[in-house]
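Undergrad: sequence-free structure coming up:
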């Protein structure tokens with residue numbers, strides 16, 4: 001699972017990060033026949049419906065055992081961390097000079113899940129591993145994954161993520177193993193802190209003559225309700241304007257590659273269906289997020305998605321009274337401790 005900034009900005013650094021995300025996704029895609037074996041066969045006879053000839057499997061990275069648990073990768077900019085990069089197993093922070101990526105600070109061991117009844121589990125942010133040039137980053141990423149493959153905990157599912165291997169070893173021992181697998185010494189990370197985040201909402205100039213509109217979709221739920229025909233609005237917008245679409249790490253949708261002439265059409269469609277524009281939300285609402293929780297998720301123990309809007313209504317009244325309505329306070333809520341809405345690194349986590 002590889003994520004990067006959803007912003008469709010026509011600048012070299014954005015193109016380079018998107019290209020790396022695509023490259024990592026393709027490079028680490030398992031070489032498996034499983035899709036064909038499971039889905040492309042007749043359910044009555046068991047015979048393959050697909051005419052493609054399947055080669056014998058040879059998985060050069062994962063072998064026969066794959067990884068102990070899920071493994072998440074994200075790429076951010078030092079000036080835009082809209083993907084919560086440090087909550088991932090492998091976190092790459094692009095360092096930009098003269099609008100071009102000169103390398104990446106490689107961070108490892110982030111993850112949100114925890115089990116309160118098991119006191120040895122915890123949420124964690126990724127720790128600094130090394131600096132990688134654009135030519136080195138795929139090789140170092142592979143070494144990180146191979147170390148997790150060979151030494152990650154396969155006995156206890158609740159201790160199988162990379163963060164627990166790093167906790168058990170310490171970051172220095174982990175760094176030594178990655179260097180050994182990669183075959184050369186690692187370069188220390190550069191002192192370039194993460195400074196900001198972009199919520200990718202509202203009108204955004206793509207810098208190529210076209211525009212993108214990021215629509216705030218509260219807690220990611222697309223539905224038609226009395227007075228709010230969000231599903232119908234999106235259907236008309238997509239069918240009429242044929243935009244390209246990107247999804248954000250905040251559960252919202254971006255409609256990209258719009259011409260200047262299409263901008264008023266977008267506004268008209270939103271107004272006609274009763275959809276509130278992203279610009280009309282207070283910043284804290286734009287940065288709020290919840291997991292689905294009851295009744296959708298089988299792991300949930302309480303409400304989240306259906307409860308947060310009402311909580312935010314009350315919260316915004318207090319922000320207005322305190323003169324803080326313009327502050328982008330991050331509020332995130334989950335219905336269980338697994339932390340799918342990333343509450344552990346929010347400013348207010350519920």
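TA: Happy to help now that I have it. This structure is a prediction, so every number in the text was calculated from the model and none was measured. Numbers count the residues shown, from 1 in each chain.

Undergrad: for residue 234, give me its contacts.
TA: Taking Cβ atoms under 8 Å, 6 or more residues apart in numbering, we find residue 234 in contact with 215, 222, 253. Glycine gets a C-beta too; all of them are placed from N, C-alpha and C.

Undergrad: swap the cut-off to 7 Å and go again
TA: Contact analysis of residue 234 by Cβ atoms under 7 Å, 6 or more residues apart in numbering lists residue 222.

Undergrad: dihedrals phi and psi, the spatially closest residue to residue 185 that is not a sequence neighbour?
TA: Spatially, and ignoring its direct neighbours in sequence, residue 185 is nearest to residue 179 (5.7 Å; Cβ to Cβ, 6 or more residues apart in numbering). Per-residue torsions, residue 179: phi -60, psi -40 (degrees, to the nearest 10).

Undergrad: how many residues are close by residue 179?
TA: Using other Cβ atoms under 10 Å as the criterion, residue 179 is surrounded by 16 other residues.

Undergrad: that one touches residue 187, doesn't it?
TA: No - using Cβ atoms under 7 Å, residue 179 is not in contact with residue 187; the gap is 10.1 Å.

Undergrad: confirm that residue 264 sits in a helix.
TA: Yes - judged by DSSP: H, G, I helix; E, B strand; the rest coil, residue 264 forms part of a helix.

Undergrad: quick check, residue 146 in a strand?
TA: No - counting by three-state DSSP, residue 146 is not found in a strand; it is helix.

Undergrad: got a list of what it touches?
TA: Shown in contact with residue 146 (Cβ under 7 Å, 6+ apart): 61, 181.

Undergrad: and for residue 162?
TA: Per Cβ under 7 Å, 6+ apart, neighbours of residue 162: 71, 89, 108, 109, 148, 152.

Undergrad: how much space is there between the first one and residue 155?
TA: This points to residue 71. Plainly put, residue 71 is 18 Å away from residue 155 if you go by Cβ to Cβ, to the nearest Å.

Undergrad: check residue 338 too.
TA: Distance, residue 338 to residue 155, using Cβ to Cβ: 20 Å.

Undergrad: the more surrounded of the two?
TA: residue 338 (16 against 7).

Undergrad: surely the more buried one and residue 115 touch.
TA: No - between residue 338 and residue 115 there is no contact under Cβ under 7 Å: 8.3 Å.

Undergrad: can you map out the helices along the stretch 201-350 of the chain?
TA: For the stretch 201-350 of the chain, the helices defined by DSSP state H, counting those that start in this stretch occupy 230-241, 263-272, 283-286, 308-322.

Undergrad: ok, now which ones touch residue 178?
TA: Applying Cβ under 7 Å, 6+ apart, we find residue 178 in contact with 129, 140, 143, 144, 147, 186.

Undergrad: recalculate using a threshold of 10 Å.
TA: 106, 108, 129-130, 140-148, 186 (Cβ atoms under 10 Å, 6 or more residues apart in numbering).

Undergrad: quickly find the element holding it.
TA: Secondary structure from DSSP states H and E places residue 178 in helix 171-182.

Undergrad: and that helix, how far from the chain's centre?
TA: Distance of helix 171-182 from the chain centroid (Cα atoms, centre = their mean, to the nearest Å) equals 26 Å.

Undergrad: burial of residue 40, as a residue count?
TA: By the measure other Cβ under 10 Å, the count of residues near residue 40 is 14.

Undergrad: whoops, I mixed them up, residue 257
TA: Neighbours around residue 257, by other Cβ under 10 Å: 17.

Undergrad: next one: residue 58
TA: Using other Cβ under 10 Å: residue 58 sits among 7 other residues.

Undergrad: for the closest residue in space to it that isn't next to it in sequence, helix, strand, or coil?
TA: In space, and not counting its chain neighbours, residue 58 is closest to residue 31: 6.4 Å by Cβ to Cβ, 6+ apart. Classification of residue 31 using three-state DSSP returns coil.

Undergrad: ok, residue 31 - contacts?
TA: Residues counted as contacts of residue 31 (Cβ under 10 Å, 6+ apart) are 55, 57, 58, 59, 60, 61, 62.

Undergrad: strands of the stretch 201-350 of the chain, start to end?
TA: Assigned strands in the stretch 201-350 of the chain, in chain order: 202-205, 211-215, 224-225, 228-229, 244-247, 253-258, 289-290, 331-333, 348-349 (criterion: DSSP state E, counting those that start in this stretch).

Undergrad: now do the last one, average pLDDT.
TA: By that I understand strand 348-349. Regarding strand 348-349, the rounded mean pLDDT is 96.

Undergrad: sorry, back to before: buried ones in the helix holding residue 178, by neighbour count?
TA: Neighbour counts over helix 171-182 (16 or more other Cβ atoms under 10 Å) mark 174, 175, 177, 178, 179, 181, 182 as buried.
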